[in-house]
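In: sequence first, predicted model second:
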2 protein chains.
Amino acid sequence: MQNGIGIEQYFEEKFPENPIIPATVFLDAHQTEHGSITHGIRTKIDYGMYKPEQLGTEQNKNILERLDHDLIAGDVESVILDNVQRSRWSKVIWNASFGPISVISGGYSASELLRDPIANQLVRTTMKELIAIGDAATGEKVSPISADDFIDKSFSITLNRPNEVFPSMLVDFENKRPMEHQVIVKNPIDVANKLGVKVPVLETLYSLLVLLEKKKFGIWQ
Amino acid sequence: MQNGIGIEQYFEEKFPENPIIPATVFLDAHQTEHGSITHGIRTKIDYGMYKPEQLGTEQNKNILERLDHDLIAGDVESVILDNVQRSRWSKVIWNASFGPISVISGGYSASELLRDPIANQLVRTTMKELIAIGDAATGEKVSPISADDFIDKSFSITLNRPNEVFPSMLVDFENKRPMEHQVIVKNPIDVANKLGVKVPVLETLYSLLVLLEKKKFGIWQ
């Protein structure tokens, strides 16, 4: 499992003949001890063919249907998508905004950020930039509703989560682990630059994030 | 002495009849013990009338000339400016870029920021926004040279300082003192918003700075 955008490229280059099926996973689970995972109330996987042109073949349709069959048999909610990149972008909008902001601002949880008016506005501005990249990259609206409605909904879901949510990037940072900022923040910025979408806030967050990481832990590579 | 922009307003409201003479002070001095200041090689004060319309009166000309005479008598380099706000903006361009970035990124000195390519670019982008506000606010170019040339010159002066420079905002933050972010960062942002100048990077830095301060020290007021 790997968050972010552009993570398929590596596999595409190594295995150009293979169909690639990216997914977005929604599940609540936690590790109780080494080797033991306790699952919560929901496991849902949205997935589809990486490249739209791969959708047409009978062989690829069969792969998706077999996967769907196996997931349902395993009691997993299975959703086959026509445009899986929209789903991946929808998820990165949360990760690329809450993640860097929580780390750089000193360790706020997601709901703490939303309850602070200044942070709430900063998350919203960052999400708007990400939605603009997603729209340009997928060639259609990442969300069928307006950017502000999408953000309102995302905020409401976050605030109504039963447990306090700490972005995974903050958890990594506090545990002195490398953060996934390449795939979550830098890859979307590179897409934005390629497509001519202006993302000054996201670029500022990324710069501060890598500077902070370097100052605290040196360089990983 | 007070860094920043818009610091005259308070005095203007309290003493509407008095001429106000803002200044930009350049001096290298340090406190050796309580009550003892050792001066370095240079003391220069640039100053002028707060409001351009105050320049015309004989009385105000006399005040400036008397001040000039006293400063020179005290071995201080004295420069009377036609547009003192240009000088104040020139100084805030350094303070409002290096200050917040050094604090938020975890405590880089000014020269460390310049030697890191990512930080160097971020400082440059921030300075460009500040120059754009200064140009709009003063009604003329803050610097007679291009923004990039002005920034190059400012970087070169900073890198050639004999001692490592730590922005005063970082010194305040590390000593758990309130930072001057209202007059150095927020006031320029307010001016930008009033004049319709877009400053997304500066707004992002300001938001992160106050969030970090709040997380670390609570709220001052």
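Out: The structure has been received and is ready for your questions.

In: C-alpha from now on. contacts and neighbour counts both.
Out: Fine.

In: for chain B, what are the nearby residues on chain A?
Out: Proximity of chain A to chain B, by CA under 8 Å from any CA of the partner chain, involves residues A:101, A:104-108, A:118-119, A:122, A:200-201, A:204-205, A:207-209, A:211-212, A:215-216.

In: just the buried ones out of these, please.
Out: Buried members of the residues of chain A next to chain B, counted by 16 or more other CA atoms under 10 Å in any protein chain shown: A:101, A:104-108, A:118-119, A:122, A:200-201, A:204-205, A:207-209, A:211-212.

In: excluding residues flanking it in the chain, which one is nearest the residue nearest in space to the middle of chain A?
Out: Taking CA atoms, centre = their mean, the centroid of chain A lies closest to A:V92, which sits 2.8 Å from it. Nearest-residue entry for A:V92: A:G4, 5.8 Å, with adjacent residues in sequence omitted and distances by CA to CA, 6 or more residues apart in numbering or on different chains.

In: now do A:S143
Out: Using CA to CA, 6+ apart, the closest residue to A:S143 is A:F150 (6.9 Å).

In: give me the element that neighbour is part of.
Out: Assigning secondary structure by DSSP states H and E places A:F150 in helix A:147-159.

In: which stretches of chain A have low pLDDT?
Out: Applying pLDDT under 70 to chain A flags residues A:1, A:220-221.

In: the residue of chain A most remote from its centre and chain B, how far apart?
Out: Most distant residue from the mean C-alpha position of chain A: A:E58, 29.9 Å away (CA atoms, centre = their mean). Noted for A:E58: a distance of 48 Å to chain B, by CA to the nearest CA, to the nearest Å.

In: could you check how far that residue is from A:K51?
Out: Counting by CA to CA, to the nearest Å, the gap from A:E58 to A:K51 is 15 Å.

In: for A:P16, same thing?
Out: 12 Å.

In: quick check: closest non-adjacent residue to A:A192.
Out: The nearest residue in space to A:A192 (CA to CA, 6+ apart) is A:I133, at 5.5 Å.

In: hmm, A:V197 and the one you found touching each other?
Out: Yes - contact criterion CA atoms under 8 Å: A:I133 and A:V197 qualify, at 6.3 Å.

In: so for these two, which sits in the more crowded spot?
Out: Neighbours were counted for A:I133 and for A:V197 using other CA atoms under 10 Å in any protein chain shown; A:I133 has more, 26 against 18.

In: and the spatially closest residue to A:D82 that is not a sequence neighbour, what is it in contact with?
Out: Nearest residue to A:D82, sequence neighbours excluded (CA to CA, 6+ apart): A:G48, at 6.3 Å. Shown in contact with A:G48 (CA atoms under 8 Å, 6 or more residues apart in numbering or on different chains): A:I21, A:P22, A:A23, A:L64, A:I80, A:L81, A:D82, A:N83, A:V84.

In: filter these to the buried ones?
Out: A:I21, A:P22, A:A23, A:L64, A:I80, A:N83, A:V84.

In: among those residues, which ones are in helices?
Out: Counting by DSSP state H, the part of these found in helices is A:L64, A:V84.

In: and the buried ones among the contacts of A:G48 as CSV, adding distance to A:G40?
Out: Putting the buried ones among the contacts of A:G48 into CSV (distance: CA to CA, whole Å) gives the following:
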residue, distance to A:G40
A:I21, 25
A:P22, 23
A:A23, 20
A:L64, 26
A:I80, 22
A:N83, 28
A:V84, 25
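
In: show the residue spans covered by the strands in chain A.
Out: A:23-33, A:36-47, A:77-80 (DSSP state E).

In: deepest of the ones you listed, which one?
Out: Of all these, strand A:77-80 has the most neighbours on average by mean count of other CA atoms under 10 Å in any protein chain shown, namely a mean of 17.

In: does anything pack onto that one? Which helices or strands?
Out: strand A:36-47, helix A:58-73 (3 or more CA pairs under 8 Å, 6 or more residues apart in numbering or on different chains; DSSP states H and E).

In: would TSV of these with distance to A:V165 be doable?
Out: Putting the helices and strands packed on strand A:77-80 into TSV (distance: least, CA to CA, whole Å) gives the following:
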stretch	distance to A:V165
strand A:36-47	15
helix A:58-73	27
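
In: A:S97 is nearest to which of the ones you listed?
Out: Checking the helices and strands packed on strand A:77-80 against A:S97 by CA to CA gives strand A:36-47 as the closest, at 21.7 Å.

In: quick one, the closest one and strand A:23-33 angle?
Out: Between strand A:36-47 and strand A:23-33, the angle comes out at 180 degrees (axes from the mean of the first three to the mean of the last three CA atoms, to 10 degrees).

In: name every strand pairing with strand A:36-47 and say which way it goes.
Out: Partners of strand A:36-47 in the sheet, by DSSP bridges, are strand A:23-33 (antiparallel), strand A:77-80 (parallel).
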